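*Asks:* Show me the folded form of this:
(chains A, B, C and D)
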Protein chains: 2
Amino acid sequence: MSGITLGAAHQTLRDEVTAELRRRILTGELRQGERLVEDRLAAALGVSRNPVRESIRVLAAEGFVQAVPRLGATVAVLSQEEAEELFDVRMAVEGLAARLAARKRGAASAERLHRVLEQAREAVAEGRLDQVADLNTAFHLGVGEAAGNSYLTLMMKPMLQRAQWIFSRTAAARAPHSWTEHLSLYEAIAAGDEDDAQARAVAHVAAARRSFLAETAGTDG
Amino acid sequence: MSGITLGAAHQTLRDEVTAELRRRILTGELRQGERLVEDRLAAALGVSRNPVRESIRVLAAEGFVQAVPRLGATVAVLSQEEAEELFDVRMAVEGLAARLAARKRGAASAERLHRVLEQAREAVAEGRLDQVADLNTAFHLGVGEAAGNSYLTLMMKPMLQRAQWIFSRTAAARAPHSWTEHLSLYEAIAAGDEDDAQARAVAHVAAARRSFLAETAGTDG
DNA sequence: ATGTCAGGTCTTGTATACAGTCTCCTAAAC
DNA sequence: GTTTAGGAGACTGTATACAAGACCTGACAT
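*Replies:* Got it, this is the predicted structure:
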C-alpha cells in the first residue's frame, strides 16, 4: 500500500516489486552477493511474500539474482572476468541488431532513436548526468527494437541492463563522449548501410570495453 | 562433514512444474496460443496455484509464455516471420559461441561434446529418432558451455529451446544428416581454429534455416 | 580440542482464503 | 434489430497460514 507507488505504468504490485528490486540491484542499493530474504523485502516494500517471490524468479531468469532451492536468493555476483566476457556477447548481439536495423530502416524507430539522442544531448548540456546511463541503455535498446526482431529485443533487454549494472561502478557510464559514437551509429542505420552500422556498433562496444578495462585495471570483481 | 548433498535434479515442486510446463510447450502438448489457467494447471499437476504461478513467470521471462496482467497467460505464438527471425539471432550467438569454444579448447568440454556426438550416432543407428531433437539441443548448448562465457550460456539455453520448439513442427528436427555438420563443427573447435569454427556454426544454422524454409513454404505461422 | 547431537530459530516451500477485475450472458430500453 | 445496464461466473492478484528444511548454538562425549 504505502510501499512503492511508482508510476501508473504498472498495474500489479508484482510488476512494481520486480521493477523496484531490479532498480535497487542496478543502482547498487542492493549489493552483489547480498542475501534477498523474502520476509524482509516484503516488509520493506509493504507487500506480502508472494509478489516478492515471483519477482525473484523473474530476476533470476534474467541473471540478476542467483537462487538456490531451499537456500534462498542472493544478488548475483559478477566477477571481473564475467564482466569482461559480457562485452563479447554484446558485440555479437548488438552488431547484429545494428545490421538488421540498417536493413529495415523503419521511420518510426529512427524517429525514436533520434529523440533519445536529443534527450541525451540536453541531459549532457544541462549536466543531468545521472540520466545518461538510462538514456544510454535506452539508445542501445532502441537499436534492438529498430531491428524488428522480436526475440532479439527480448534477449537484449536484460543484456543491456546487465551492461548498465556492470558500468554503474565506473565513471564511464556518464561519459558524454560516447554519444558521438551513438550519433554516428544512428547515421549509419538511417543511411541503411548494413556493414557500416554493424562495424560501428561493434566498435562502440569495443571502445566501451577498453574504457571498462582501463578503469578496472588491477581490480577484483 | 556438513553434507553437500547436491545432485538431486529437482528439490522443489516449483522446478518440476516449470520443467513439465516447458516440456508440454516444447512438445506441442500445450499448443501455441492456448490459455494457461492457473487453477486447471494446478489441479492437473496435483499442486497448488503458487508453484504454477512462479513457473509461468519464469517461462514468460524465457519467452515461451505471454502473460498479460489481470488477463492471464497463454502459450506464446510464434509467427512464421518470428520463427525465421530467430535464425539470425542464432547465427550471431552460436557463431560467437563456436569461436570462443575454439579459443578455449577445454578438454572437459570437448569430452562432453564428443560424448553427445556418440550418443547421437547411437540414437540414429538404433532408430531412436525421438531423442535426436534433445541431443541436438544438447550439442549446441554444449558448444555454448565450451565457450566458457557464463552470460552466453545463460542466454543460449532458452534460445536453443525456442529453436527446438520451432523445429518440433518439422521433420528436419529428426534428420540424421545434420550430425555430419555437428561433427565437423566439433573438429574445428577441437582443432582450435576460431574462424573455421565460427564459419561452420553459422553455416550449420544457415542450413537449418534453409530446411526450415523449405518445409514451411507457403505456410502461415 | 574435535566431533556430534539436540534443540530452537530463521527462512523457504506450499497450500488455502479472500478480494478485485474481467468476461460473457441476459434482459430491458430505444 | 441494436445497444446498453447489470449481474453471475471465472480467473487473477494478494495476503495469510502452515509445513519442512537449513543454520546456529551450546552441551556433552570422546
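*Asks:* Could you tell me how many residues sit around residue A:68?
*Replies:* Residue A:68 has 11 neighbours, counted by other C-beta atoms under 10 Å in any protein chain shown. (C-beta placed from N, C-alpha, C; glycine too.)
*Asks:* Could I get the full set of strands for chain A?
*Replies:* Assigned by DSSP state E, chain A shows strands spanning A:35-36, A:65-68, A:72-75.
*Asks:* Comparing these, which comes out most buried?
*Replies:* strand A:72-75 (a mean of 18; mean count of other C-beta atoms under 10 Å in any protein chain shown).
*Asks:* give the contact list for the residue nearest to the spatial centre of chain A.
*Replies:* What sits nearest the mean C-alpha location of chain A, by C-alpha atoms, centre = their mean, is residue A:161, with 2.0 Å. Residue A:161 sits next to A:22, A:26, A:62, A:64, A:137 when contact means C-beta atoms under 8 Å, 6 or more residues apart in numbering or on different chains.
*Asks:* rewinding a little: quick one, which of the strands of chain A is nearest to chain B?
*Replies:* Closest to chain B of these is strand A:65-68 (C-beta to the nearest C-beta; 9.3 Å).
*Asks:* Strand partners (parallel or antiparallel) of the closest one?
*Replies:* Note on strand A:65-68: by DSSP bridges, its sheet partners are strand A:72-75 (antiparallel).
*Asks:* and the partner strand, anywhere near DNA strand D?
*Replies:* No: shown here: strand A:72-75 not in contact with DNA strand D (C-beta under 7 Å from any atom of the strand), separated by at least 8.6 Å.
*Asks:* Please save the CA atoms from that strand in PDB.
*Replies:* Taking Å, rounded to 0.1, in the frame of the first residue of the first chain, the C-alpha atoms of strand A:72-75 are listed here in PDB:
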ATOM      1  CA  GLY A  72      17.400 -18.600  -0.800                       C
ATOM      2  CA  ALA A  73      18.300 -16.000  -3.300                       C
ATOM      3  CA  THR A  74      21.200 -13.600  -3.500                       C
ATOM      4  CA  VAL A  75      22.100 -10.700  -5.700                       C
END
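*Asks:* avg pLDDT for it?
*Replies:* What strand A:72-75 shows for mean pLDDT is 98.
*Asks:* For that strand, what is the distance to the chain centroid?
*Replies:* Relative to the centre of its chain, strand A:72-75 is centred 20 Å away, using C-alpha atoms, centre = their mean, to the nearest Å.
*Asks:* which residues touch it?
*Replies:* A:25, A:30-38, A:56, A:60, A:64-67.
*Asks:* filter those residues down to the ones near DNA strand C?
*Replies:* A:35-38, A:67.
*Asks:* got JSON lines for those, with distance to residue A:101 too?
*Replies:* Formatted as JSON lines, those follow (distance: C-beta to C-beta, whole Å):
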{"residue": "A:35", "distance to residue A:101": "40"}
{"residue": "A:36", "distance to residue A:101": "36"}
{"residue": "A:37", "distance to residue A:101": "42"}
{"residue": "A:38", "distance to residue A:101": "41"}
{"residue": "A:67", "distance to residue A:101": "35"}
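*Asks:* quick one: the nearest residue to residue A:36 once chain neighbours are set aside from residue B:119, how far?
*Replies:* Computed as C-beta to C-beta, 6 or more residues apart in numbering or on different chains, the closest residue to residue A:36 that is not its neighbour in sequence is residue A:73, at 4.4 Å. Using C-beta to C-beta, to the nearest Å, we find residue A:73 at a distance of 34 Å from residue B:119.
*Asks:* residues of the longest helix belonging to chain A that come out buried?
*Replies:* Ranked by residue count under DSSP state H, the longest helix found in chain A is helix A:80-104. Buried residues in helix A:80-104, counted by 16 or more other C-beta atoms under 10 Å in any protein chain shown: A:80, A:82-104.
*Asks:* Residue A:158: neighbour count?
*Replies:* Neighbours around residue A:158, by other C-beta under 10 Å: 21.
*Asks:* Same question for residue A:108.
*Replies:* Quick note: residue A:108 (other C-beta under 10 Å) scores 9 neighbours.
*Asks:* Over to residue A:194?
*Replies:* With other C-beta under 10 Å as criterion, residue A:194 counts 17.
*Asks:* ok, it - contacts?
*Replies:* Counted by C-beta under 8 Å, 6+ apart, residue A:194 has contacts A:99, A:102-103.
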